Every structure is written in C-alpha cells, then in structure tokens.
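Colleague: Sequence first, predicted coordinates after that:
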Amino acid sequence: MCGRYALTISPEELKEIMGVLDLEDFPARFNIAPTQPILVVVAGDGQERGSNLPDRRALLVRWGFTPGWVKDPKAFPLLINARSETAIGKASFRAAMRHRRVLVPASGFYEWHRPSKQNGEKSQAYWIKPRHGGVVAFAGLMETWSSADGSEVDTGAILTTAANAAIAPIHDRMPVVIKPEDFARWLDCKTQEPREVADLMRPVEEDFFEAIPVSDKVNKVANMGADLQTPVPVEKPMPPADKKKPDNGQLSFF
C-alpha cells in the first residue's frame, strides 16, 4: 500500500525528466496524504511543433479514486490504491485502465513496518526513496466523477504490486514504478490496451529503493516539513530481506 508520499523536486526538473509542457510553479511537499490534490502526468494530443519533448500535461486530481458510476462518493470507500494484479478486471478501475492511465511523480514514499502487537513493538515509519535520488514515476489511474448538478471532480489512485525482496520486510505491497523508457507506452491509451502494458506492473529491482527509518511525525498530516525525512536510530534493525520471488498472483481488492 502507498498511503503517504513526497514530491520535492523543482518544476523545472520535473519538466525535463517527464517531458511535461507548461508546468506551473508548485511548492515542495513532504507529506502528501489521501484526499489532498496530487500532481499527475497525462498524455497530450501530440508533440509540440519545434520541440523534442513529448506533449504531456500535468493536472491536479484528488487522491481518492471515484468511479464514474458512483452516485454518492461519501458512501463509497476511499480508493487511494489499486491492486495491479486485479485492476484490469475490477469494475471500479476497468475503464480507467483502458482510457485514463497516468503517471504520479514522487521523490519517494513512506511506509510503516507494523510488527505483531503480541510482542509489544511499536510501528516504525520509513522514508523510501530512489537510491540514486531524483524523481520516480508511480503508475496511476484517473477518473472524472460528475455529480447530479453537473459539477466535476478529477480523482486518482496509485497502482501497487507485491513488494520486492528489499521492501517486503517492511510491507508486503509497494507502488508500481514506471521507468522513463516506458512512460510513453504506459500513457498511450489509444493503441496500448491494458493487457499490453500488464508487463509494466511488476515490482521494481531490489536495489532501486533505499529505506530510511524516520520519526512518527509523518503520521500527522499537519506535519509538512523537510525534517520528516531526517533519519532516526532504530532499536531493532529490520530482518534480512527474503530473496524469494514476490507473489504476483491474483489477489483480492485491497
């Protein structure tokens, strides 16, 4: 699961890395939480004349996916994540998988190791970022929900997959990472059907991320400073990673 993440690079860096045109300025965000606006990248209609950059646009959507057929969002679960193993066939995500695939840029994400309550250990938060820095693109889905009065809300979710061996000791799920060379294919909903991009929805390489223990300040949405990513000592180190292959079988929703 991915329930908190950060995006702290500059708009200029994001434009260069992800090929986004006409990106407005935005502040660094160290604690992005569900129901907040999140930045997503979508495919445009073509390539801008005289530019080597692809025509991609950045939008703000509400983090919490609402299918178009939902009548009352307040009575519908908050879908911040979608399981990649079942998203193609799930009623909630089927249309978005076919028509509205997006990229969710991030500097990294937070995850919690929650040991069994029986042993009395406390949960430990981790800041998980690309080992070599920079920005990472999570696979995402977007849907525009329309109310009876005609108002519209753009909503989104982040796709997850089984954790790789490096992340599994912390949590059994992780976001799907789309590599730069696959951006175009993932965003191309005109010629690439869901089954043709299914191979992209797999765990990233074990050495891609590094996990840094941080304080529990990230638990509170009101805490938004860079100190959320300051390393803290841990009393009990994480167990060694299990080198077995992650389970990518057909799993239940959430």
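Modeller: Right, received. Where do you want to start?
Colleague: how many other residues sit next to the closest residue to residue 204 other than its chain neighbours?
Modeller: Once flanking residues are discounted, residue 204 sits nearest to residue 177: 4.2 Å by Cβ to Cβ, 6 or more residues apart in numbering. For glycine as for every other residue, the C-beta is placed from the backbone atoms N, C-alpha and C. For residue 177, the neighbour count with other Cβ atoms under 10 Å is 23.
Colleague: Residue 129 is in contact with residue 177, correct?
Modeller: No - counting by Cβ atoms under 8 Å, residue 177 does not reach residue 129; the two are 11.9 Å apart.
Colleague: Report how many residues lie close to the closest residue to residue 223 other than its chain neighbours.
Modeller: Of all residues beyond its chain neighbours, the one nearest residue 223 is residue 217 (4.6 Å), with distances taken as Cβ to Cβ, 6+ apart. Using other Cβ under 10 Å, residue 217 has 18 other residues around it.
Colleague: can you pull the pLDDT of residue 217?
Modeller: For residue 217, the model assigns a pLDDT of 97.
Colleague: Regarding it, what is its secondary structure?
Modeller: On the three-state scheme (DSSP: H, G, I helix; E, B strand; the rest coil), residue 217 is labelled helix.
Colleague: hang on, it packs against residue 226?
Modeller: No - taking contacts as Cβ under 8 Å, residue 217 lies outside contact range of residue 226: 11.1 Å.
Colleague: any idea whether residue 12 is helix, strand or coil?
Modeller: Under three-state DSSP, residue 12 comes out as helix.
Colleague: So it versus residue 18, what's the distance?
Modeller: Using Cβ to Cβ, to the nearest Å, one gets 12 Å for the distance from residue 12 to residue 18.
Colleague: same question, residue 214
Modeller: Residue 214 is 26 Å from residue 18, by Cβ to Cβ.
Colleague: now swap in residue 166 and tell me
Modeller: Counting by Cβ to Cβ, the gap from residue 166 to residue 18 is 25 Å.
Colleague: More neighbours: which of those two?
Modeller: Applying other Cβ under 10 Å to residue 166 and residue 18 shows that residue 166 carries more neighbours, namely 23 against 19.
Colleague: burial measure for the closest residue to that one other than its chain neighbours, as a count.
Modeller: In this structure, residue 166 finds its nearest non-sequential neighbour in residue 206, 4.4 Å apart by Cβ to Cβ, 6+ apart. By other Cβ under 10 Å, 14 other residues sit near residue 206.
Colleague: Residue 206 and residue 163 touch, don't they?
Modeller: No - counting by Cβ under 8 Å, residue 163 is not a contact partner of residue 206; they are 10.1 Å apart.
Colleague: Would you list the phi and psi of residue 32?
Modeller: With angles defined as degrees, to the nearest 10, residue 32 sits at phi -80, psi 130.
Colleague: Mind listing the shared neighbours of residue 177 and residue 129?
Modeller: Here residue 177 and residue 129 have residue 136 as joint contacts, going by Cβ atoms under 8 Å, 6 or more residues apart in numbering.
Colleague: any low-confidence regions in this protein?
Modeller: Counting by pLDDT under 70, the ranges of the chain that qualify are 46-54, 117-120, 237-254.
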